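Student: using only what follows, build the 3D model:
(one chain, ligands or ions: 1)
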Amino acid sequence: MVKQIIMYTSLNLGKPSYLAKDMRPLFGQGILSSSGTIWAHQRKIIAPELYLNKVKKAMVNLIVDSTNIMLRSWDTRLQSEGGVSEIKVDEDLRSLSADIISIACFGSNYVEGKEIFTKLRDVQRVLSTIYAGIPGFRFMIYNCKNIFFAEYETTATATSWCLMLLALHQDWQDRVRAEVLEVCGSDPPNADMLRNLKALNMVIQETLRLYPPAPYVVREAYQNINLKGIVIPKGMNIQIPIPLIQQNPKLWGPDAHKFNPERFSKGVSEASNFSQSYIPFGIGARICPGQNLAMVELKVILSLILMKFRFSLSPSYCHSPAFRLVIEPDQGVVLKMTTI
Ligand code: HEM
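Tutor: Sure thing, here's the model as predicted:
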């Protein structure tokens, strides 16, 4: 049994400037001190290295095994259809994501829990259509966040968007495939290899910038805040729109709306002119605790797909991002696939 020491520390985020001045008091447990300095509480978890490495290895193996089941079914379909197939990937990716989280957290699998996941997805659809004015919604969204927004829908949706963008940008697809083959050879990726997949990491980061599955983070004002003349009273809930911040040309430059993974080549802090303008996993004390798992999952799934298949966007693909608590492709992502 792992022994965890959870430390609560205070992190000095420095003097606020520009957007920081407006937004930081709204984030996390960050509050503006009398000196104008921002303080936020940060949680650090310390655990024995060896144990963590074993868990990480087991987790990567589990993701590889689950992904291979999905890829075998794509392979069978391709063979039966003469080597080229149009595959709508979203439902398969959702099942895969549900499978991984079920095995990892509950020792079960997607097939056993399918009915529960189907019902949860129905709830998600209803909630996204009647967003305003349901009594108790505030509490419902927190429950839902922990189930969908948290684990199942977010990672699957992010994978769909990554595949859509790689299908659209063949130069990046070739570059990332070449990297995967150089780093992994013909072996499935392991934890050490994942660290060396730099271009793939950049593609995932850029995808999460342009299509963040979670559309906003929610915070409650701890005190009355005057935001450039707009008074936000203590106790009010505020939605901070992630896509607007992540695609603001003032922060990201004139190509803010373009797919350009190169912007992350020197890391997140160098990608824009304000480090906290990249928040696909939220920010502050309530930042997504599953972000590392999500990144590992995305890297493993995408590298295995890239090793085995070449793909482009099907002419039947219709670009229509839709809000259903997560931002997902309304009509799905349809890929024209061939085996390598
Ligand atoms: C690409 C995948 C994912 C994205 C984009 C994402 C994004 C987010 C965002 C934006 C938040 C709100 C953070 C904030 O309020 O500052 C959140 C919260 C959360 N996420 Fe994720 N998430 C992902 C995957 C996961 C996974 C795989 C897990 C668990 C295995 C997970 C577990 C959670 C939990 C439990 C919370 C609530 C944290 C809290 O309220 O303290 N997420 N996520």
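
Student: around the ligand, pick out the residues from this structure.
Tutor: 145-146, 150-151, 154-155, 158, 213-214, 217, 280-284, 286-290, 293-294 (Cβ under 6 Å from any ligand atom). Where you see a C-beta, it was placed from the backbone N, CA and C, and this is true even at glycine.

Student: of those, which belong to helices?
Tutor: Using DSSP state H, the members of the residues of the chain next to the ligand that fall in helices are Thr154, Thr155, Ala158, Leu293, Ala294.

Student: so the fourth one is in contact with Lys56, correct?
Tutor: No: taking contact to mean Cβ atoms under 8 Å, the distance of 9.7 Å between Leu293 and Lys56 leaves them out of contact.

Student: what about Pro213, neighbour count?
Tutor: If you count neighbours by other Cβ atoms under 10 Å, Pro213 ends up with 25.

Student: correct me, but it touches Thr159?
Tutor: No: taking contacts as Cβ under 8 Å, Pro213 lies outside contact range of Thr159: 9.7 Å.

Student: farthest-separated two in the ones in helices among the residues of the chain next to the ligand?
Tutor: Ala158 and Leu293 (12.1 Å; Cβ to Cβ).

Student: neighbour count winner among those two?
Tutor: With neighbours defined as other Cβ under 10 Å, Ala158 and Leu293 compare such that Ala158 has more, 28 against 18.

Student: circling back: list buried residues within the residues of the chain next to the ligand.
Tutor: 150-151, 154-155, 158, 213-214, 217, 280-284, 287-288, 293-294 (16 or more other Cβ atoms under 10 Å).

Student: what about the helices in the chain?
Tutor: Under DSSP H, the chain gives helices at 18-23, 49-80, 90-106, 110-129, 137-144, 153-168, 170-184, 191-195, 198-210, 242-246, 249-252, 268-271, 291-308.

Student: who does the second one touch, helix- and strand-wise?
Tutor: With contacts defined as 3 or more Cβ pairs under 8 Å, 6 or more residues apart in numbering; DSSP states H and E, helix 49-80 has these neighbours: strand 84-88, helix 90-106, helix 191-195, helix 291-308, strand 334-339.

Student: contacts only, for Lys56.
Tutor: Lys56 sits next to Ala191, Val296 when contact means Cβ atoms under 8 Å, 6 or more residues apart in numbering.

Student: now it: how far from Tyr222?
Tutor: As for Lys56, its distance to Tyr222 is 36 Å (criterion: Cβ to Cβ, to the nearest Å).

Student: now do Arg324
Tutor: 30 Å.

Student: compare those two (neighbour count), which wins?
Tutor: Arg324 (18 against 13).

Student: re the thing from before, could I get the helices and strands packed on helix 49-80 as CSV with mean pLDDT?
Tutor: Listed next are the helices and strands packed on helix 49-80 as CSV, based on pLDDT from 0 to 100:
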stretch, mean pLDDT
strand 84-88, 97
helix 90-106, 83
helix 191-195, 93
helix 291-308, 96
strand 334-339, 97
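
Student: give me the neighbour count for the closest residue to Ile232 other than its chain neighbours.
Tutor: Nearest residue to Ile232 in three dimensions, chain neighbours excluded: Ile225, at 4.4 Å (Cβ to Cβ, 6 or more residues apart in numbering). For Ile225, the neighbour count with other Cβ under 10 Å is 18.

Student: I'd say Ile225 and Gly235 touch.
Tutor: No: at 11.2 Å, Ile225 does not count as touching Gly235 under the criterion of Cβ under 8 Å.
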